[in-house]
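Participant: Prediction below, plus the sequence it came from.
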Amino acid sequence: WSLSYREAWKHLCISPRVIYHRPIQVYRIATSAFTHGGLIHIGFNMLNFVQTGPALERGMGTLRFVHMVVLLILVLGVLYLSLAAAALFFSEPRFFNECAVGFSGVLFALLSIEAYSAPPGTVMNVFGNQIPAKWYPWAQLLLCQLLIPNASILGHLVGILGGFLYQQGSLRMV
C-alpha cells in the first residue's frame, strides 16, 4: 500500500474544514509544515530557511531556536485555524476549505522576527531596493503572492503575525 505524493498531501495538509469536522486530525497542524507541493516548493523553502535560520540560531542558540520553530509551527497552526473560522463567519469560505502545506508560514515568522528585532533605521534589500526592515516581511508577502498567486496568503499572513507576536514577547509563557 502506498500513496502518491499528491494523495498523501491531501491527508497531511492543514485543512480547517477537515480538522473542525474531525478533531482527531489536529496532527495536520504539524504534518502540513513538513509536507510540500513538489520539489520547487521545498527548494524555495529550503533556500529561504538557509538565508534566515542560521543567523537567528547563532543569536539565540540551537536549543532555543529549535524550541522557537516548534512553538511557531503549533501557534501558527492554531492562528491559521482561528482566522479561517473567522473568515468563514464573515462569509469567506475560501480559507476554511483550503488545504495548505509547506514551511512558509514559519519562514515568514522568522523573517518577521529578524525584521522586527533589527535596530531602528535598518534597511533590507528587496531586488536592489532598500526598504525599512519593518516592511520587509510585507514586501516578501507581496512579492510571493505576485509570483505564486495560488500560494496560501493566509498561511503567510499568519507567519507574519506569529513572528510579530514572538518578537513582542507575547509567546514567552508558552
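Facilitator: In hand now; what should we look at?

Participant: can you pull out the strands in this structure?
Facilitator: Using DSSP state E, the strands of the chain run over 123-126, 129-132.

Participant: Of those strands, which stretch is the most buried?
Facilitator: With neighbours taken as mean count of other Cβ atoms under 10 Å, these reach their highest mean count in strand 123-126, at a mean of 14. Bear in mind the C-beta positions are built from the backbone N, C-alpha and C, glycine included.

Participant: Sheet partners, orientation included, of that one?
Facilitator: With DSSP bridges as the test, strand 123-126 is paired with strand 129-132 (antiparallel).

Participant: Would you mind listing the outside residues contacting the strand it pairs with?
Facilitator: By Cβ atoms under 8 Å, 6 or more residues apart in numbering, the list of residues contacting strand 129-132 from outside reads 121, 122, 123, 124, 139.

Participant: Could you measure from the residue nearest to residue 48 when sequence neighbours are not counted over to residue 17?
Facilitator: Excluding the flanking residues, the one nearest residue 48 by Cβ to Cβ, 6 or more residues apart in numbering is residue 107, at 4.8 Å. From residue 107 over to residue 17 the distance is 25 Å, taken as Cβ to Cβ, to the nearest Å.

Participant: Same check on residue 42?
Facilitator: Counting by Cβ to Cβ - residue 42 and residue 17 are separated by 25 Å.

Participant: next one: residue 128
Facilitator: Distance from residue 128 to residue 17, by Cβ to Cβ: 42 Å.

Participant: Show me which of the two is the more surrounded one.
Facilitator: Legend: neighbour count by other Cβ atoms under 10 Å for residue 128 and residue 17, higher for residue 17 (16 against 5).

Participant: biggest helix in the chain by residues?
Facilitator: If you go by DSSP state H, the chain has its longest helix at helix 62-89.

Participant: Just the mean pLDDT for that one, thanks.
Facilitator: Helix 62-89 shows a mean pLDDT of 96.

Participant: what does stretch 161-174 give?
Facilitator: Computed over stretch 161-174, the average pLDDT equals 90.

Participant: How about stretch 101-117?
Facilitator: 95.

Participant: Put the alpha carbons of it into CSV.
Facilitator: Only the C-alpha atoms of stretch 101-117 are listed here, as CSV (Å, rounded to 0.1, in the frame of the first residue of the first chain):
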residue,chain,number,x,y,z
VAL,A,101,1.2,22.7,3.0
GLY,A,102,4.7,23.9,3.5
PHE,A,103,7.1,25.6,5.9
SER,A,104,6.4,29.1,4.5
GLY,A,105,4.4,30.3,7.5
VAL,A,106,7.4,29.5,9.8
LEU,A,107,9.7,31.2,7.3
PHE,A,108,7.6,34.3,7.3
ALA,A,109,7.6,34.3,11.1
LEU,A,110,11.4,34.0,11.1
LEU,A,111,11.7,36.9,8.5
SER,A,112,9.4,38.9,10.8
ILE,A,113,11.4,38.1,13.9
GLU,A,114,14.6,39.2,12.1
ALA,A,115,13.0,42.3,10.7
TYR,A,116,11.2,43.5,13.9
SER,A,117,14.3,42.9,16.0
